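[1] Dropping the sequence and predicted coords here.
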Amino acid sequence: MVATVADIVQVMERLAPPDLAEDWDNAGLQVGKMDWPVNTVWVALDPSPDVVQAACRKGVDLLITHHPMIFKPLQCIDFNKPPGFLIQQAAQHQLSIYAAHTNFDSAQDGLNDILAGRIGLKNLKPLVTANIETHQQASTEGPQGLGRIGELVEPTDLKSLALKIKKQLSLSSVKLCGNPELIVRKTAICTGSGSGLLRNFISSDAQVYISGDMRYHDAKDVQAANRGLIDIGHFASEHIMVGVVADRLSAALAKAGLKADIKAYGLERDPFLTL
């Protein structure tokens, strides 16, 4: 049976429950209709112009992204500039766009857990636990929330950990703050931009914080606390969701007897170049 947008959204909402989204976020359907049929799905990090235009050219029916196309209410939809011209193109080509953002960050087995797994952390718990009343966490099997704290398999020094993560994630570079010889047993992580959870890290018993988009004064605060910081970049910490979501969605649709071709969009690149 051919899937509809609603069928796939139902699967995505099991992977990333909408109630877990932060109040400022705009996860969910960005453009399209729930009853449109879906034969082809692309999964990408961003609904950027190149991704949306490529999806339209290739006749894709549904684009699933991590970052939303629309964060704040639009005062107008100008077809001459984004997101207006992307909304126009999506509508003309019957392309639906759906975002699983902070709800996928916080979800059990979501983006933070994926990153923790790549790094090799164990005994995970949220850096900030989701509010049970707000996010209905009581109905889930385990704690959910932003960020994670986990233990390394064996203690290591900060520099060695940074180099290991650089290799594991195939990064061209990482930024390191703190004593390179600092012994690390427990690590805090936050995918995407981690500045907002820095206080939570410093209040925890983790020795190092791994995230992206960290600022100068964040680094100074980490130094003052005699902790460590490894900045792996926003893109690197989140792009890992693309293949995982595509695989999980394919498996879930096959189990449900729904037919759709699911593809991980592989042409996105970090906008920053290291010279």
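    Nice, I can see it. Residues are numbered from 1 along each chain as shown.
[2] going forward, measure contacts between C-alpha atoms and count neighbours the same way
    Will do.
[3] where does the protein have low pLDDT?
    Flagging of the chain using pLDDT under 70 yields the residue ranges 132-141.
[4] pull the longest helix from it.
    For the chain, the longest helix by residue count, based on DSSP state H, is helix 241-255.
[5] which element follows it toward the C-terminus?
    Next helix or strand after helix 241-255 toward the C-terminus (DSSP states H and E): strand 261-264.
[6] As a check, name the ranges of all helices in the stretch 101-250 of the chain.
    102-106, 111-119, 132-135, 158-168, 198-203, 216-224, 234-238, 241-255 (DSSP state H, counting those that start in this stretch).
[7] and the helix or strand I87 falls within, what other elements does it pack with?
    According to DSSP H and E, I87 maps onto helix 84-92. Applying 3 or more Cα pairs under 8 Å, 6 or more residues apart in numbering; DSSP states H and E, one finds that helix 84-92 contacts strand 28-31, helix 49-57.
[8] and G257, how many residues sit next to it?
    The local packing of G257 (other Cα atoms under 10 Å) involves 12 other residues.
[9] For the residue nearest to the spatial centre of the chain, give its distance to G192.
    Closest residue to the average C-alpha location of the chain: E238 at 4.4 Å, with Cα atoms, centre = their mean. From E238 across to G192, the span is 6 Å (Cα to Cα, to the nearest Å).
[10] Same check on A54?
    According to Cα to Cα, A54 and G192 sit 25 Å apart.
[11] now A224
    Applying Cα to Cα to A224 and G192 gives a distance of 23 Å.
[12] These two: who's more crowded?
    Using other Cα under 10 Å, the more surrounded residue of A224 and G192 is G192, with 23 against 10.
[13] How about the contacts made by the spatially closest residue to that one that is not a sequence neighbour?
    With Cα to Cα, 6 or more residues apart in numbering as the measure, H234 is the residue that lies nearest to G192, at 4.5 Å, once sequence neighbours are left out. Contacts for H234 (Cα atoms under 8 Å, 6 or more residues apart in numbering) come out as 191-193, 211-213.
[14] and what of I230?
    By Cα under 8 Å, 6+ apart, I230 lies in contact with 162, 174-177, 208-211.
[15] swap in A55?
    Contact analysis of A55 by Cα under 8 Å, 6+ apart lists 42, 63, 95.
[16] Give the burial count for G142, as a bare number.
    Residues contacting G142 under the criterion other Cα under 10 Å number 11.
[17] What separation do you get for it and N123?
    Distance check for G142 against N123: by Cα to Cα, it reads 12 Å.
[18] Equivalent analysis for T40, please.
    According to Cα to Cα, T40 stands 37 Å off from N123.
[19] got it, and P73?
    Separation of P73 from N123 (Cα to Cα): 40 Å.
[20] Compare those two and say which is more crowded by neighbours.
    N123 (11 against 7).
[21] dump the residue contacts of the nearest residue to the more buried one once chain neighbours are set aside.
    For N123, ignoring the flanking residues on the chain, the nearest one in space by Cα to Cα, 6+ apart is G150 at 5.5 Å. The contact partners of G150, by Cα under 8 Å, 6+ apart, come to 116, 121-125, 186-188.
[22] and G150, what are its bridge partners?
    T187 (DSSP bridges).
[23] quick one: the residue nearest to G192 from K167, how far?
    Counting by Cα to Cα, the gap from H234 to K167 is 17 Å.
[24] about what we covered before: go through the contacts of I230 and name the one nearest M69.
    S211 (22.8 Å; Cα to Cα).
[25] number of nearby residues for that closest one?
    When counting by other Cα under 10 Å, one arrives at 27 neighbours for S211.
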